[in-house]
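1. coordinates only, sequence not included:
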């Protein structure tokens, strides 16, 4: 399938954006329901965190173990097989099974949710270079909207029909989208012939050989670290004085922050117009400003002003993080067409590690210094991202495929 104009790619891109937004919810569906799930399964207090942690762990493993297969296996078959496994894992989690089996299903659901990262390089391969930023931006918007909406949606469904219903509804949605994707995705044969062990070993070589990949991955990892530092703890700050918001108020705050996701298509268009460097620095500056506003809003005595300032911080933080993610992903998808799957896995894996580090460090800072400590962590990550962006480097341009040592191009 060749994409020669915007009309040629519009329908599948919209479908891909919807699919990523739905599939990603499997990573977060358990987070607002963890108390009910733990009570039903009889999990001890020490094991409660495994309910949501294992899905994220499975996703991290999939980024390095499954996503690189995009370079080795025919893309349509790989995506559909992975989505079928995701549906089965979600349905298994909804069954009345013992706790160890539920935890295994959560791990598998996270592992197979990496179909998201298989769709993005596929979309890039279906799109002309002049439109690639816009396409990736639209799909990234869908993924980030899914992340932001996942918790309130799961909470709403679980509150009305029980936590198992959240898994069933999500499984049915993924199955429906898999059927639609099966009719829309082209069959794109891989560009590489190599063994699976050689494929995995080539990840380290790609990281060494591609300075653009390293810079963009580290930049977005720092951005996501600031993002996670804020969003992992802002609910605790909003629930305490002087805000004293309940669950509904915190959910509305999170929904309002979703407006920052509009930055993805804008960032993609700026990248296509040759303004990637300026747009990336602006995105990183937004994150620095957001971290400062988060501290200011959280320390104000007037609840209305503090809440408005925190909301402005949330919108800027989301916009900056999503903008940097979109621009970086556009550029890394240009550098090695024959290694898009592995490059996307590396890029997203480092991004994910940055988010985990931001959340963990912010939790430690919260325990020692409260909201001010968490904001200081977010600011540190934001400044590090800006420092990455201030380094002068080349803008990526597409290069012809080249084989890795010991492999052959199809």
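-> Sure, I can see it. These numbers come from a predicted model, not from an experiment.
2. In contact with residue 302, which residues?
-> By Cβ atoms under 8 Å, 6 or more residues apart in numbering, residue 302 lies in contact with residue 242. Glycine gets a C-beta too; all of them are placed from N, C-alpha and C.
3. separation between it and residue 309?
-> Distance of residue 302 to residue 309, given as Cβ to Cβ, to the nearest Å: 10 Å.
4. Spatially nearest residue to residue 14 (excluding sequence neighbours)?
-> Closest residue to residue 14 apart from its sequence neighbours, by Cβ to Cβ, 6 or more residues apart in numbering: residue 138 at 7.3 Å.
5. That neighbour contacts residue 267, doesn't it?
-> No: Residue 138 is beyond contact range of residue 267, at 10.8 Å (criterion: Cβ atoms under 8 Å).
6. of these two, who's got more company?
-> Between residue 138 and residue 267, counted using other Cβ atoms under 10 Å, the more crowded position is residue 267 (33 against 21).
7. thinking the more buried one is in contact with residue 329, fair?
-> No: using Cβ under 8 Å, residue 267 is not in contact with residue 329; the gap is 9.9 Å.
8. what about residue 323, distance to residue 188?
-> Taking Cβ to Cβ as the measure, residue 323 falls 28 Å from residue 188.
9. Of those two, give the one with the bigger neighbour count.
-> residue 323 (30 against 15).
10. roughly how far is the helix or strand hosting that one from the heart of the chain?
-> Following DSSP states H and E, one finds residue 323 within helix 303-335. Its chain's C-alpha centre and that of helix 303-335 lie 13 Å apart, by Cα atoms, centre = their mean, to the nearest Å.
11. from the chain's centre, how far out does the following helix or strand past that helix sit?
-> Note on helix 303-335: by DSSP H and E, the next helix or strand toward the C-terminus is helix 340-390. How far helix 340-390 lies from its chain's middle: 13 Å, per Cα atoms, centre = their mean.
12. in the helix or strand hosting residue 172, what counts as buried?
-> In this assignment (DSSP H and E), residue 172 forms part of helix 163-184. Across helix 163-184, burial judged by 16 or more other Cβ atoms under 10 Å covers 163-164, 166-171, 173-175, 177-178, 181, 184.
13. where's it relative to the chain centroid, distance-wise?
-> 19 Å.
14. That one - what's its average pLDDT?
-> For helix 163-184, mean pLDDT rounds to 93.
15. so what secondary structure elements neighbour it?
-> Helix 163-184 is packed against helix 6-23, helix 34-41, helix 75-94, helix 132-161, with contacts defined by 3 or more Cβ pairs under 8 Å, 6 or more residues apart in numbering; DSSP states H and E.
16. And the average pLDDT for the third one is what?
-> Per-residue pLDDT values across helix 75-94 average out to 94.
17. pLDDT (mean, whole number) over whichever helix or strand comes after that helix?
-> Remark: after helix 75-94, the chain's next helix or strand is helix 99-112, criterion DSSP H and E. What helix 99-112 shows for mean pLDDT is 93.
18. and helix 99-112 with helix 75-94, angle?
-> If you take axes from the mean of the first three to the mean of the last three Cα atoms, to 10 degrees, helix 99-112 sits at 160 degrees to helix 75-94.
19. what packs against the helix or strand just after helix 99-112?
-> Using DSSP H and E, the helix or strand that follows helix 99-112 in sequence is helix 115-125. Secondary-structure packing of helix 115-125 (3+ Cβ pairs under 8 Å, 6+ apart): helix 6-23, helix 75-94, helix 132-161, helix 303-335, helix 340-390.
20. Next, format those as JSON lines and append distance to residue 47.
-> Shown next, in JSON lines, are those (distance: least, Cβ to Cβ, whole Å):
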{"stretch": "helix 6-23", "distance to residue 47": "26"}
{"stretch": "helix 75-94", "distance to residue 47": "16"}
{"stretch": "helix 132-161", "distance to residue 47": "20"}
{"stretch": "helix 303-335", "distance to residue 47": "31"}
{"stretch": "helix 340-390", "distance to residue 47": "18"}
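21. Out of those, indicate the one that is most buried.
-> helix 303-335 (a mean of 24; mean count of other Cβ atoms under 10 Å).
22. Count residues in the vicinity of the residue nearest to residue 162 when sequence neighbours are not counted, would you?
-> Spatially, and ignoring its direct neighbours in sequence, residue 162 is nearest to residue 36 (7.7 Å; Cβ to Cβ, 6+ apart). Using other Cβ under 10 Å, residue 36 is surrounded by 17 other residues.
23. go on, residue 66?
-> 24.
24. which residues touch it?
-> 82, 111, 112, 114, 118, 345 are the contacts of residue 66 under Cβ under 8 Å, 6+ apart.
25. give me every residue that touches the closest residue to the first one other than its chain neighbours.
-> Spelled out, it's residue 82. What sits nearest to residue 82 in space, not counting adjacent residues and going by Cβ to Cβ, 6+ apart, is residue 115, at 4.3 Å. Shown in contact with residue 115 (Cβ under 8 Å, 6+ apart): 23, 79, 82, 83, 86.
26. can you pull the contacts of the last one?
-> By that I understand residue 86. By Cβ under 8 Å, 6+ apart, the residues touching residue 86 are 23, 26, 109, 112, 113, 115, 174.
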